[in-house]
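Participant: Sequence and predicted structure are below.
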Amino acid sequence: MINLYVATRVLTAMGAMLRAFWEQLVCRICGIPAEDVRVFKVSELCGHVEHELTENKKQTFLICFLPFVLNFILSVCFLLGGAYKIVYVGDLKTLTGYLFFWLGISFAANCVPSFEDVLSFKDFFYSKDSNIVLKVILAPFFAIIYGFSILERYSLTFVAAILFAIAFPYVFSYLFPVIVTISQMIS
């Protein structure tokens, strides 16, 4: 199973390298000692930075949230160019469309924090003495990272990223008029 996991990280190398960069950046900002910063290693931490356990809520939140959000935003940006052109429009002739499509899948497949980081998030934010309002606010984010971190252990985030890339242009084409209407009502 680990070989399949490593193979999917190699196929999505750009996303794995960028997620490891974001994790290492958070480790440096928060002062979390990093043990192994190699991106590609034959273990369940392939594509992740192996680091010491986080010590507080700020470190835990940043190590889970920042790489997730930044890789997701980059994924959406590349899929706007690639998936929209290939899947929605049907233009199969341009090389940049395929490149952007692959980069979008690569970044989407490597959004999720490691399972150990998610468990640390759960320990800090969902203990008995945690603020109930904070628990409610963070519940959607926690559900997403917890579910996808389980999928990542079985290399299913790669499949989920492909499905997301195929569905994204259609979902975005329905949401874009709503976004335009809301922005016109605000201004």
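Facilitator: Perfect, I can see it now.

Participant: which residues does residue 111 contact?
Facilitator: Taking C-beta atoms under 8 Å, 6 or more residues apart in numbering, we find residue 111 in contact with 15, 19, 67-68, 71-72, 75, 148, 157. From N, CA and C alone the C-beta is placed, and that goes for glycine too.

Participant: just checking, residue 44 touches residue 2?
Facilitator: Yes. The criterion here is C-beta atoms under 8 Å, and residue 44 meets it with residue 2 at 6.5 Å.

Participant: Pick out whichever of the two has more residues nearby.
Facilitator: residue 44 (16 against 12; other C-beta atoms under 10 Å).

Participant: Okay, the more buried one and residue 56: tell me how far apart.
Facilitator: 25 Å (C-beta to C-beta, to the nearest Å).

Participant: Spatially nearest residue to the residue most central in space within the chain (excluding sequence neighbours)?
Facilitator: With distances taken as C-alpha atoms, centre = their mean, the residue of the chain nearest its centroid is residue 111 (1.2 Å). Using C-beta to C-beta, 6 or more residues apart in numbering and skipping the chain neighbours, the partner closest in space to residue 111 is residue 71 (4.5 Å).

Participant: element containing the one you found, please.
Facilitator: helix 57-83 (DSSP states H and E).

Participant: Strands of this protein, start to end?
Facilitator: 34-36, 50-51 (DSSP state E).

Participant: From the rest of the structure, what touches the first one?
Facilitator: Residues from elsewhere that reach strand 34-36 (C-beta under 8 Å, 6+ apart): 24, 27-28, 45, 49-52.

Participant: Show me what the longest helix along the chain is packed up against.
Facilitator: Across the chain, the helix with the greatest residue count (assigned by DSSP state H) is helix 156-186. Contact here means 3 or more C-beta pairs under 8 Å, 6 or more residues apart in numbering; DSSP states H and E; on that basis helix 156-186 packs against helix 2-11, helix 57-83, helix 95-109, helix 132-153.

Participant: ok, now with 10 Å
Facilitator: helix 2-11, helix 13-30, helix 57-83, helix 95-109, helix 132-153 (3 or more C-beta pairs under 10 Å, 6 or more residues apart in numbering; DSSP states H and E).

Participant: Put together JSON lines for those helices, with mean pLDDT on each row.
Facilitator: Below are the helices and strands packed on helix 156-186 laid out as JSON lines (pLDDT from 0 to 100):
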{"stretch": "helix 2-11", "mean pLDDT": "85"}
{"stretch": "helix 13-30", "mean pLDDT": "94"}
{"stretch": "helix 57-83", "mean pLDDT": "94"}
{"stretch": "helix 95-109", "mean pLDDT": "94"}
{"stretch": "helix 132-153", "mean pLDDT": "92"}
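
Participant: Kind regards, and thank you for your time.
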